[in-house]
Structures are given as structure tokens and as C-alpha cells.
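[1] just coords:
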């Protein structure tokens, strides 16, 4: 089958698909939390400005749902409890990455490599 014929066949099958049987689009499934829409709009605008400056299509960098998820996470950080929890998790995640700890790990690695 020629590429043109195959494309026409795929198009015909797509046109025949019952749209009611398709799952809802992710953006239609849930509304944004209160106060998140403004943050998402600002992020979308910033993404467009930066992408336009570099000649990149914004949708190649982040989808609308990605931006909305980032906006929701940013909005959540305005509340003290989630912010404090995230702070504790971040501090714990990097606790073993001090210069002294990393130097000790490198020395151990080098000693292991030298013995092999």
C-alpha cells in the first residue's frame, strides 16, 4: 500500500470513530484548584515569551496540563504546612551531599577501583 493510500485509510478510520466512546481529555476531567488559574496563565505567558525568543514551540517544552500541575504545586506552597513538609524533605534529600560526605564517597570509590 502506498503511503498516500495508507494515510487516507487511517484518516477514514479516524473519521468513522464514535467520539462519544473516546475518554475525556485530561484537561476536562478536573477543574483547577482555587487561585491556580492565574498562576497557570502567568506561567503559560512566560513560557511563550521564552520559547518565542528561542524559536521553539511552547508545546514542545510543556503541555497545558504540565503547566497547570506546576501552577497547582506552586499554589500549594503558599500554604505553610505543605511548604514546611517540602522543605524538610528537600533538606533530608541533600543531607548526604555535603562536600565532606561526597569526598569520602569518592575516596571509597577510588580505593575500590584500585583494588580491582
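    That came through fine. Small disclaimer: the values here were computed from a predicted structure and weren't measured. Numbering: from 1, shown residues only.
[2] After the helix or strand of the chain with the lowest mean pLDDT, which helix or strand is next? Please name it.
    Scoring the helices and strands of the chain by mean pLDDT, DSSP states H and E places helix 26-29 at the bottom, with a mean of 54. On the C-terminal side of helix 26-29, the closest following helix or strand by DSSP states H and E is helix 36-54.
[3] elements contacting that following helix?
    In terms of contacts (3 or more CB pairs under 8 Å, 6 or more residues apart in numbering; DSSP states H and E), helix 36-54 is packed against helix 58-61, helix 64-76. The C-beta positions use only the backbone N, C-alpha and C, and glycine is treated the same way.
[4] Okay, angle between it and helix 64-76 too, please.
    On the basis of axes from the mean of the first three to the mean of the last three CA atoms, to 10 degrees, helix 36-54 is oriented at 120 degrees to helix 64-76.
[5] returning to what we had before: quick one: the helices and strands packed on helix 36-54 as JSON lines, columns for mean pLDDT and distance to residue 48 too.
    Converted to JSON lines, the helices and strands packed on helix 36-54 look like this (pLDDT from 0 to 100; distance: least, CB to CB, whole Å):
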{"stretch": "helix 58-61", "mean pLDDT": "94", "distance to residue 48": "5"}
{"stretch": "helix 64-76", "mean pLDDT": "92", "distance to residue 48": "11"}
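[6] Tell me which of those lies nearest to residue 113.
    helix 58-61 (39.5 Å; CB to CB).
[7] Outside of the closest one itself, list whatever touches it.
    The set of residues external to helix 58-61 that reach it, using CB atoms under 8 Å, 6 or more residues apart in numbering, is 44, 47-48, 51.
[8] Just flag the most distant two among those.
    44 and 51 (10.4 Å).
[9] what about residue 13, neighbour count?
    Look at residue 13: counted by other CB atoms under 10 Å, it has 9 neighbours.
[10] Sounds good, over and out.
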